[in-house]
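Trainee: Dropping the sequence and predicted coords here.
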Amino acid sequence: MKVAVVGLGYVGIPVAAVLASKGVRAVGIDIDPRKVEAVGAGRSPLEGDEPGLEDLIASGVKRRRLTATTDYAAVDGADAAIVSVETPINDETHDPEYKALKSALRSLAPHVRKGMLVSIESTVAPGTMARIVRPILERGSRLKAGRDFHLVHCPERVTAGRLLKNLTTLDRVIGAQDPRGLKKATSLYSKIVEGALHGTDWVSAEITKTTENAYRDVQIAFANEVALICEELGANAYRVRELVNTCPGREMLSPGAGVGGHCIPKDPWLLVSQVIHQKPVLIPTAREVNDFMPVRMAQLVEEAMREAGRRIRNSKVAILGLAYRENTDDTRNSPAIPLIRELRRRGADIVIHDPFAKTVRGFTVTRDLKAALTGADCLALVTAHDAYRKLDLGKVKRWMRHAAIVDGRNVFDGSVIARGFAYRGIGKGEF
Ligand SMILES: NC(=O)c1ccc[n+]([C@@H]2O[C@H](COP(=O)([O-])OP(=O)(O)OC[C@H]3O[C@@H](n4cnc5c(N)ncnc54)[C@H](O)[C@@H]3O)[C@@H](O)[C@H]2O)c1
């Protein structure tokens, strides 16, 4: 069996590598030559800790089961194509931006053959399969979906840091338009997924995926709102959370410095984007609450520095963590970015440290923790990378000009106050 995987990112790379490990001939296609070159050479272009992925790619390439190219001609002869390109939203309007998806579909369409299965793994707004995906593929292939080729939506559930585990063990939803398409997709995905495969229609699959992430976002917003209440009323939100969760049926999440990643901040907008009559209120409000958290972090930085005897203008703030998620390099929609913008607006100079994330435009990252903290007036922790849990606070205090810590992830506790730090944290009205 041969399968083309279009889009070699956090989703496409593990999918291609796992397919190859199951004896499928997997061809990865991407417009980014660096990713193609890395995968083709048996390396993962993703940094951060992804257990097992590097080995799987290397062995797939060595056994000639996994190849990568920028040329869509490589789709020819494939039994199936999986599309896993990015589907972001517009920063201002929050509307879906399908530039990558449309371009990938236009390039793929001429290579779609009779009997082929096309599976869209990218997350899309409800209605996109019918309004955008099907017409582009039918126009470009001159074939009819559901009759000549089979088109399904099988949204992904991976998370950076757990790509292989999530991909292979979690249940999946397959939205299909025709029973044969569902059968073909079930047969393909049962090669790589140990979890159950749940068949449904296109729009239910689209709504299910975007709802999964909107649900998470609303839950995090709830925890964040409770954190802001605790800060003002003098309680510790993490302790309150533990107590709340002693009540049956309550599973409150942890608050934090903000929500990031490619998916959670944008999928709620994809979900509500097509609704005109019953305009949703809760889901956009949750986005607003979560988007406020980096601003709250900036307020806490200013407060902590004031206590340590330093004004924010021309101060040096060391940001610990640019990645949105611990122990990964993924900086997409990281709350560190609006936090840094807000601190710069308030006049602070920023140094960013991250053990994994690379520099992104306007946000230069150093790997040198000592250099980042030397002369700093405040340490603001955004990402709970393991390395930060093991910080030697004695050294940190000696390096810094003013001893102030702002904790966005509950990595420290009140004991840092006894060590001479001014300390503030999300949800910490009490330490
Ligand atoms: N990252 C996650 O954890 C995750 C989880 C579940 C679902 N998803 C969804 O999966 C999709 C992909 O996400 P990702 O994180 O892998 O994105 P990504 O940005 O890491 O990867 C997308 C890849 O597609 C490539 N690409 C863009 N246009 C292309 C084209 N015309 N032809 C070929 N390749 C093209 C890009 O160069 C990039 O390498 C998105 O819809 C996302 O919402 C992601």
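Mentor: Structure received. Numbering: from 1, shown residues only.
Trainee: Quickly list the domain ranges of the protein.
Mentor: 2-200, 201-431 (automatic domain parsing).
Trainee: of the ones you listed, which approaches the ligand most closely?
Mentor: With distances scored as CB to the nearest ligand atom, the stretch of the domains of the chain nearest to the ligand is domain 2-200 (1.8 Å). For every residue, glycine as well, the C-beta is placed using N, CA and C.
Trainee: give me every residue that touches the residue lying farthest from the centre of the chain.
Mentor: No residue in the chain has its C-alpha farther from the mean C-alpha position than G309, which lies at 37.4 Å (CA atoms, centre = their mean). If you count contacts by CB atoms under 8 Å, 6 or more residues apart in numbering, G309 has them with H402.
Trainee: Assign it to helix, strand or coil.
Mentor: Using DSSP: H, G, I helix; E, B strand; the rest coil as the criterion, the local structure at G309 reads coil.
Trainee: so what's the backbone phi/psi at C263?
Mentor: For C263, the backbone dihedrals are phi -100, psi -60 (criterion: degrees, to the nearest 10).
Trainee: ok, it touching E212?
Mentor: No - distance between C263 and E212: 9.2 Å, which falls outside the contact criterion (CB atoms under 8 Å).
Trainee: Give me the more crowded residue out of those two.
Mentor: The residue with the greater number of neighbours, taking C263 and E212 and applying other CB atoms under 10 Å, is C263; the counts read 28 against 18.
Trainee: Up against the ligand, what does the stretch 51-200 of the chain have?
Mentor: 84-87, 100, 103-104, 107, 121-123, 156-160 (CB under 6 Å from any ligand atom).
Trainee: Go again with 5 Å.
Mentor: Contact residues (CB under 5 Å from any ligand atom) of the stretch 51-200 of the chain with the ligand: 84-87, 100, 103-104, 122-123, 156, 158.
Trainee: Report the two of those residues separated the most.
Mentor: Longest distance between any two of these is 22.7 Å, between S103 and V158; criterion CB to CB.
Trainee: Give me the more crowded residue out of these two.
Mentor: A direct count of neighbours by other CB under 10 Å for S103 and V158 places V158 higher, at 21 against 13.
Trainee: quick one on the thing from earlier: include mean pLDDT when you put the domains of the chain into CSV, please.
Mentor: Conversion of the domains of the chain to CSV gives the following (pLDDT from 0 to 100):
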stretch, mean pLDDT
domain 2-200, 97
domain 201-431, 97
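Trainee: roughly how far out does the strand or helix carrying K102 sit from the chain middle?
Mentor: According to DSSP states H and E, K102 maps onto helix 99-108. From the chain centre to the centre of helix 99-108 is a distance of 22 Å (CA atoms, centre = their mean, to the nearest Å).
Trainee: Could the C-alpha coordinates of that helix be exported in CSV?
Mentor: What follows is helix 99-108, C-alpha atoms only, in CSV (Å, rounded to 0.1, in the frame of the first residue of the first chain):
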residue,chain,number,x,y,z
LYS,A,99,-4.6,29.5,2.0
ALA,A,100,-2.4,26.4,2.8
LEU,A,101,-5.4,24.0,2.7
LYS,A,102,-6.7,25.4,-0.7
SER,A,103,-3.2,25.4,-2.2
ALA,A,104,-2.5,21.8,-1.0
LEU,A,105,-5.9,20.6,-2.4
ARG,A,106,-5.3,22.3,-5.7
SER,A,107,-1.9,20.6,-6.0
LEU,A,108,-3.3,17.3,-4.9
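Trainee: quick one: buried residues of it?
Mentor: Of all the residues in helix 99-108, those buried under the rule 16 or more other CB atoms under 10 Å are 100-101, 104-105, 107-108.
Trainee: Pick out the residue nearest the middle of this protein.
Mentor: Nearest to the mean C-alpha position of the chain, counting by CA atoms, centre = their mean, stands G261 at 2.8 Å.
Trainee: Say whether the ligand is contacted by the helix ranked longest in the chain.
Mentor: As assigned by DSSP state H, the longest helix anywhere in the chain is helix 202-233. No - between helix 202-233 and the ligand, judged by CB under 5 Å from any ligand atom, nothing touches; the nearest distance is 7.4 Å.
Trainee: going on from that helix, what's the next piece of helix or strand?
Mentor: Toward the C-terminus, helix 202-233 is succeeded by helix 237-244 as the next helix or strand (DSSP H and E).
Trainee: can you give me how far that next one is from the chain middle?
Mentor: Using CA atoms, centre = their mean, the distance between the centre of helix 237-244 and that of its chain works out at 26 Å.
Trainee: just to revisit the earlier point, ok, the residue nearest to the centre of the chain - contacts?
Mentor: When contacts are counted by CB under 8 Å, 6+ apart, G261 is found next to 160, 324-325, 330, 332-333.
Trainee: same check, this time on K165
Mentor: K165 makes contacts with P51, as judged by CB under 8 Å, 6+ apart.
Trainee: Please apply the same query to G321.
Mentor: Counted by CB under 8 Å, 6+ apart, G321 has contacts 336, 353-354, 357, 381-385, 388.
Trainee: For the residue lying closest to L163 once chain neighbours are set aside, what is the enclosing helix or strand?
Mentor: With CB to CB, 6 or more residues apart in numbering as the criterion, L163 has its nearest non-adjacent residue at 4.3 Å, and that residue is P14. Here P14, judged by DSSP H and E, is contained in helix 12-21.
Trainee: Which strands or helices does whichever helix or strand comes after that helix pack on?
Mentor: If you walk from helix 12-21 toward the C-terminus, the next helix or strand you reach (DSSP H and E) is strand 25-29. In terms of contacts (3 or more CB pairs under 8 Å, 6 or more residues apart in numbering; DSSP states H and E), strand 25-29 is packed against strand 2-6, helix 12-21, helix 33-40, strand 66-69.
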